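**Student:** what would the 3D arrangement of this be:
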Amino acid sequence: MSTVTIPRRSGTRYQAWRSFAACKGADPALFFPAEDAGRNATRAAKAICADCPVRVPCLRQAVDDGERWGVWGGLAERERRGVKPSGLRTCASGRHLMTPDNIYVYPGNGAKACRACRTERDASRVRDYSKEAAA
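**Tutor:** Coordinates of the predicted model:
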């Protein structure tokens, strides 16, 4: 009789993103506030997550594993409820989550785009135009 070994998803390869996390070294209490701490208790953790380069894999792991506590990938427990792993979409750049607050709908044709990428692109254009004007 042979045995089959099923690799655990929590192995080092699955969690390799953790070494790049913006929260690495941060106080864990920020990400796991007490239940009676109030609505603003997660604000500091979400601010750290907002600029994290591995926000998407972090949230994906929390949703895949059914993590019930803490802030993961910028979302608190209540915000992750009802999110299905198949429902996690990223923008074309792969850096941002396509959440309702990050979707920009173009007025003319109704096409949807990543609000964060659009903001970055607009800021880049402003810098380019100001360089041209200064030259």
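**Student:** assign residue 113 to helix, strand or coil.
**Tutor:** strand (DSSP: H, G, I helix; E, B strand; the rest coil).
**Student:** now the one 5 residues further on
**Tutor:** Here residue 118 is helix, with the state taken from three-state DSSP.
**Student:** run a quick neighbour tally on it.
**Tutor:** 14 (other Cβ atoms under 10 Å). In short, each C-beta sits where N, CA and C put it, glycine included.
**Student:** the residue nearest the centre of the chain: what's it in contact with?
**Tutor:** Nearest to the mean C-alpha position of the chain, counting by Cα atoms, centre = their mean, stands residue 55 at 3.3 Å. Contacts for residue 55 (Cβ atoms under 8 Å, 6 or more residues apart in numbering) come out as 49, 73-74, 96-97.
**Student:** find the nearest non-adjacent residue to it, please.
**Tutor:** Residue nearest to residue 55 in three dimensions, not counting chain neighbours: residue 73, with 5.0 Å by Cβ to Cβ, 6 or more residues apart in numbering.
**Student:** can I assume that neighbour is in contact with residue 62?
**Tutor:** Yes. The pair residue 73 and residue 62 passes the contact test of Cβ atoms under 8 Å, sitting 6.0 Å apart.
**Student:** which of the two has more neighbours?
**Tutor:** Applying other Cβ under 10 Å to residue 73 and residue 62 shows that residue 73 carries more neighbours, namely 24 against 20.
**Student:** need the contact list for that one.
**Tutor:** 49, 55-60, 62, 97 are the contacts of residue 73 under Cβ under 8 Å, 6+ apart.
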